[in-house]
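In: For reference, the sequence and a predicted model appear below.
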Amino acid sequence: TEVVFVSLTVQASKMLGQLSANDRESYRLRYGTQARLMLDQAIEESDYNSMSLLMQRYFYTDAGPLATMLLGHHFLDQGRPVAAENCFQKIVGFEEIALAYEPEASFLLATCQMLNGKSSQARRTLVRWKQNNPQSAIEFSGQIVSVFEEEQQAVSWLQQLIGQSSFRRAARVDQWLMPGGNPARNAQTLAGFPLI
């Protein structure tokens, strides 16, 4: 029954995305408070299962995209770029929502695509972002970084940034099957929620 419920939730979410802007606004007003309360509780309890349900049920409220971004960060922190890619793709795939989360959403989507071995998709994501936002620089890890100039430079530009970031630094451990994480008892992991 859980699989059927998730399937129905995904179908309902697609249908909501096809509604007019006025109908989506009515939906947002009707369920926005409930979604916000659910998100606040999920954040307080670091409950990613609730965030996942929130993303599925209330994506078109103000709390839905925020839960989706937090969930994507969580999956990326856990070394699960495929799951993270799905979250960031959901944000980037809906222009009306993506505007509030750019350039972060496109950058993280491209990062996940590159980590998943999809370099051509990562290039398309970055190029599309740059076409819509012709900026010459972005802030990355507290520093101002120049954006690539030519389309063919997009992936190498991203690889250079990722090589200097925490995305590549630690050998991530997310399943602690023994004390200390590994036989040497010195496994590394990245900071997780809320230290994203």
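Out: Perfect, thanks for sending it.
In: rest of the way, CA atoms for contacts and neighbours
Out: Noted.
In: Could you tell me the average pLDDT over stretch 44-51, please?
Out: The average pLDDT for stretch 44-51 rounds to 93.
In: and the gap between the residue lying closest to Y31 once chain neighbours are set aside and E151?
Out: Setting aside the residues directly before and after it, Y31 is nearest to T61 in space (Cα to Cα, 6 or more residues apart in numbering), at 6.9 Å. For T61, the distance to E151 equals 34 Å [Cα to Cα, to the nearest Å].
In: and what of L71?
Out: L71 is 30 Å from E151, by Cα to Cα.
In: Beyond the longest helix anywhere in the chain, next helix or strand please.
Out: Secondary structure of the chain per DSSP state H: the longest helix is helix 21-45. Using DSSP states H and E, the helix or strand that follows helix 21-45 towards the C-terminus is helix 48-57.
In: What's the first helix or strand after that next one?
Out: Next along from helix 48-57, by DSSP H and E: helix 63-77.
In: Remind me what the helix or strand following that next one packs against, helices and strands.
Out: Note on helix 63-77: by DSSP H and E, the next helix or strand toward the C-terminus is helix 81-92. Helix 81-92 is packed against helix 63-77, helix 95-98, helix 104-115, with contacts defined by 3 or more Cα pairs under 8 Å, 6 or more residues apart in numbering; DSSP states H and E.
In: what stretches of this protein score poorly on pLDDT?
Out: Per-residue confidence for the chain (pLDDT under 70) gives these ranges: 1-21, 164-196.
In: rerun that using 50 as the cut-off
Out: Low-confidence segments of the chain (pLDDT under 50): 1-9, 168-172, 196.
In: out of L71 and E151, which sits in the busier spot?
Out: Neighbour tally, L71 and E151, criterion other Cα atoms under 10 Å: the higher count belongs to L71, 24 against 13.
In: So for A63, what's the nearest residue that isn't a sequence neighbour?
Out: In space, A63 is closest to R36, 5.3 Å off (Cα to Cα, 6+ apart).
In: just to revisit the earlier point, got the helices and strands packed on helix 81-92 as CSV, with distance to A137 columns?
Out: Below are those laid out as CSV (distance: least, Cα to Cα, whole Å):
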stretch, distance to A137
helix 63-77, 22
helix 95-98, 19
helix 104-115, 13
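In: Any idea which of the ones you listed gets closest to E44?
Out: When these are compared by Cα to Cα, helix 63-77 sits nearest E44, at 12.6 Å.
In: and the closest one, what does it pack onto?
Out: helix 21-45, helix 48-57, helix 81-92.
In: 6 Å instead, please
Out: Judged by 3 or more Cα pairs under 6 Å, 6 or more residues apart in numbering; DSSP states H and E, helix 63-77 is in contact with helix 48-57, helix 81-92.
In: what's in contact with it?
Out: A35, R36, M51, M55, Y58, F59, A84, C87 (Cα atoms under 6 Å, 6 or more residues apart in numbering).
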